[in-house]
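just coords:
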């Protein structure tokens, strides 16, 4: 089970003969991953009340095509060559939550958290494929979320439920810790 | 001309015989202002595009009842005793922008800027009435703004126009510097 | 047991006949506390390695003169009228950690956390005396800490120990949650 | 004149037969730069007073070996594969400021600014070589700075001087705007 949501990377390629700039072949991506840290954005979709307080947290439930194992994840994905962070963030939110989620992107691209994933054991945050550095955000959504692709389901939990030990245990690569950090930052956790 | 928007403080008092908790008489407020720093919230209302980038900045044009002088200001006001920061922020946004502005409050109350106003000459930020400490935010609004009370008008400027020397010169107490800081923080300024 | 470290407020007054500006008599302070939110600074003293990573967390062990009860606390105290936030932060660090702690104050006064304490039951963060709003920081110290006054002892814990349930239970008013938030923000917690 | 300080990249390679992991040949780096955004750290070295307020700003004066042109720059450089952000930051500070600068790294790796450099005209921030995303910090130094390599000199300016039009005009790729943003964030600018 891969930690980030781009394992079926090839299948996302446009069908045109010439791929868009930024998209890499599997081979190119593999080579690049061994050379430099790969930049990601990650977002926790939330519902907020009228004063901006987080009331619900959306976690994606993904299933592995090969092992059948289930894991919870955040919205996440790569920033492509030539792509602005804001555009990458919106693209991945739409990819994972569907076209009617109506995410409200932050006014600042300064992230609430920086997460460093390493491909070796013992690291706090791990990603078997690569060294990745992720910019972390909390993004309110006001519409209806309809997960697509390999995201089977989105479940909405209270902030306290979302950081319970049972849920955290279903998150890969240390993302449970990231989730706690982000929800703490926005004052959504009581203890 | 006062820097903050509460100079007609008495006139905002509820008409009931017993004021709500948090509201102070003019005399009580004057005494308190000499004793402790007074906590404020300040917000720059903005319009954003679909990826959260600031496209327009709303500045309030206030007129002084006594001198007729005009000044530009941000949305700002006191946090009352017993009032949450989020509630104070929404209350002042509604007071200054009207009920149909539909502000989108930030998910975190951690401000983008902290501003310290002192009542003596030579301070970077000044407020003749008091020592005030203000939590600064940038708040997207999606609806129509209809300024009330002493706010004569709201004008929408591009970020570059909003921080031009001419506009900055119309802002009291150093708020032009705060405006620059906040717009820099959200990446709205080009130079 | 009071949550903040100023319960013996009167005893801190200068011995001169005329108190310094900013200091209030007990009576004045009591009256003021019922009128407006009182501004505080709070800091977690830490030791860091050569790249700035937090290795140890300093918690103050305070004893109550009346009940003998023990509680853990952060460095905290009021911002006085006319006092800059930076000066208040340094003053309270020196008061609680002694003159040889050599704290390294942050370059920015924008806090890592904003905490709202209310004097009524059911609030997430509570302070029996007042509505307080605290600006929260993490401050490395490089020297030797010698707690003074009512602070009996400073104990240095690993970040994981500092947020263990046993330690958190010894912190008043919800500060354990604040401590978790601040340590998460600086990447000091592993889970 | 290149915007970042690694144009003589090949000459920095260790002399051992087998390069350390993370270092790329010129050819590998060129290929990688066309495929993904490259992650950088950037830092403004500053001197601070005893309460953390910025008093002086250090700008590097670099000369181009080919054109003789002079430009001002910040400390900056790539995050290598497998390298932690903190280690990259310290490595580049030591490379540009020498071994006796004694930089005080921030406790949090969450940057004060995110800057997106694109290799095409019209972008706000430009880098002719690549799409780069830089994490921006302000780093106090307490020792003596002795620039090495292609950095000819470090000059210490007041914050106001550092953001004057004359100095800003000597900074490449939009870094003058970044400098303003960072100094605003730490409250170092008066207007």
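Good, I have the coordinates. Computed from a predicted model, the values in this text were never measured in an experiment.

where does the nearest residue in space to residue A:108 that is not next to it in sequence fall, phi/psi-wise?
Nearest in space to residue A:108, with sequence neighbours left out and distances taken as C-beta to C-beta, 6 or more residues apart in numbering or on different chains, is residue B:186 at 4.4 Å. Bear in mind the C-beta positions are built from the backbone N, C-alpha and C, glycine included. With angles defined as degrees, to the nearest 10, residue B:186 sits at phi -90, psi 10.

So residue B:186 sits against residue B:138, correct?
Yes: look at residue B:186 against residue B:138 with C-beta atoms under 8 Å: they come within range, at 5.3 Å.

Name the residues contacting each of these two.
Common contacts of residue B:186 and residue B:138 (C-beta atoms under 8 Å, 6 or more residues apart in numbering or on different chains): A:107, A:108, B:46, B:54, B:112.

The fourth one reaches residue B:141, doesn't it?
No: shown here, residue B:54 and residue B:141 do not form a contact pair, counting by C-beta under 8 Å, at 11.5 Å.

sec struct for residue A:29, please.
Of the three states, residue A:29 takes helix according to DSSP: H, G, I helix; E, B strand; the rest coil.

mind checking the SS state of the residue nearest the centre of chain A?
Closest to where the C-alpha atoms of chain A average out (C-alpha atoms, centre = their mean) is residue A:76, at 2.2 Å. The three-state label given to residue A:76 by three-state DSSP is strand.

Kindly give the local confidence score, pLDDT, for it.
Note on residue A:76: pLDDT of 94.

Show me the beta-bridge partners of it.
residue A:42 (DSSP bridges).

At which residues are the strands of chain A located?
Per DSSP state E, chain A carries strands over the ranges A:38-48, A:54-63, A:70-73, A:75-78, A:113-118, A:125-126, A:132-140, A:151-157.

In JSON lines, list those along with distance to residue C:134.
Below are those laid out as JSON lines (distance: least, C-beta to C-beta, whole Å):
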{"stretch": "strand A:38-48", "distance to residue C:134": "23"}
{"stretch": "strand A:54-63", "distance to residue C:134": "21"}
{"stretch": "strand A:70-73", "distance to residue C:134": "33"}
{"stretch": "strand A:75-78", "distance to residue C:134": "32"}
{"stretch": "strand A:113-118", "distance to residue C:134": "22"}
{"stretch": "strand A:125-126", "distance to residue C:134": "30"}
{"stretch": "strand A:132-140", "distance to residue C:134": "22"}
{"stretch": "strand A:151-157", "distance to residue C:134": "29"}
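
Can you check which of those gets nearest to residue B:158?
strand A:132-140 (25.4 Å; C-beta to C-beta).

quick one: that closest one near chain B?
Yes: Strand A:132-140 lies within reach of chain B by C-beta under 8 Å from any C-beta of the partner chain, at A:138, A:140.

Near chain B, which residues of chain A are found?
A:46, A:48, A:50-54, A:84, A:86-87, A:89-90, A:104-110, A:112, A:138, A:140, A:185-187.

Go again with 7 Å.
Chain A comes close to chain B at residues A:46, A:48, A:51-54, A:86-87, A:90, A:104-109, A:138, A:140, A:185-187, as judged by C-beta under 7 Å from any C-beta of the partner chain.

can you give me the mean pLDDT across the longest helix anywhere in chain A?
In chain A, assigned by DSSP state H, the helix with the most residues is helix A:85-97. When pLDDT is averaged along helix A:85-97, the result is 96.

Could you list the buried residues of it?
Residues of helix A:85-97 classed as buried under the neighbour-count rule (16 or more other C-beta atoms under 10 Å in any protein chain shown) are A:85, A:86, A:87, A:88, A:89, A:90, A:91, A:92, A:93, A:95, A:96, A:97.

just stretch A:173-182 next, same as before
Neighbour-count burial for stretch A:173-182 [16+ other C-beta under 10 Å]: A:173, A:174, A:175, A:176, A:177, A:178, A:179, A:180, A:181, A:182.

now do stretch A:45-59
Buried, per 16+ other C-beta under 10 Å, within stretch A:45-59: A:45, A:46, A:48, A:51, A:52, A:53, A:54, A:56, A:57, A:58, A:59.

Same check on stretch A:161-168?
A:162, A:163, A:167, A:168.

which among these gets closest to residue C:155?
The closest of these, once distances to residue C:155 are taken by C-beta to C-beta, is residue A:163, at 27.0 Å.

which residue sits closest to the closest one in space, ignoring its chain neighbours?
residue A:180 (5.0 Å).

Quick check: pLDDT value at that neighbour.
For residue A:180, pLDDT reads 94.

again, but for residue A:13
36.

Run through chain A and note the low-pLDDT ranges.
By pLDDT under 70, the weakly predicted segments of chain A are A:1-22, A:149-151, A:190-191.

Could you tell me which residues of it lie near chain D?
So far as C-beta under 7 Å from any C-beta goes, chain A lies against chain D at A:24, A:28, A:32, A:34-39, A:79, A:81-82, A:84-85, A:109-111, A:113-114, A:116, A:118, A:131, A:133.

Type out the ChimeraX command that picks the buried ones from those residues.
Filtering those down to the buried ones (16+ other C-beta under 10 Å) takes a single ChimeraX command:
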select /A:24,32,34,35,36,37,38,39,79,81,82,84,85,109,110,111,113,114,116,118,131,133
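
can you tell me which of the shared contacts of residue B:186 and residue B:138 lies nearest to residue C:67?
Nearest to residue C:67 among the shared contacts of residue B:186 and residue B:138, with distances taken as C-beta to C-beta, is residue B:112, at 41.7 Å.

Could you give the number of residues near the residue nearest to the closest one when sequence neighbours are not counted?
Take residue B:112 and drop its neighbours on the chain: the residue closest to it by C-beta to C-beta, 6+ apart is residue B:185, 4.8 Å away. As a burial measure, residue B:185 scores 22 neighbours (other C-beta atoms under 10 Å in any protein chain shown).

Surely residue B:185 and residue B:137 touch.
No: counting by C-beta atoms under 7 Å, residue B:185 does not reach residue B:137; the two are 10.2 Å apart.

any chance of the shared contacts of residue B:186 and residue B:138 in TSV, with distance to residue C:123 too?
Shown next, in TSV, are these (distance: C-beta to C-beta, whole Å):
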residue	distance to residue C:123
A:107	29
A:108	29
B:46	32
B:54	34
B:112	25
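
Out of those, flag the one nearest to chain C.
residue B:112 (7.1 Å; C-beta to the nearest C-beta).

Neighbours of the closest one, how many?
Residue B:112: 24 neighbours (other C-beta under 10 Å).

Tell me who's in contact with it.
For residue B:112, the contact set (C-beta atoms under 7 Å, 6 or more residues apart in numbering or on different chains) comprises B:136, B:137, B:138, B:182, B:185.

Residue A:78 contacts residue A:41, correct?
No: between residue A:78 and residue A:41 there is no contact under C-beta under 7 Å: 8.2 Å.

distance of residue A:81 from chain C?
Computed as C-beta to the nearest C-beta, to the nearest Å, the residue A:81 to chain C distance reads 28 Å.

Phi, psi for that residue please.
Per degrees, to the nearest 10, the backbone of residue A:81 is at phi -60, psi 130.
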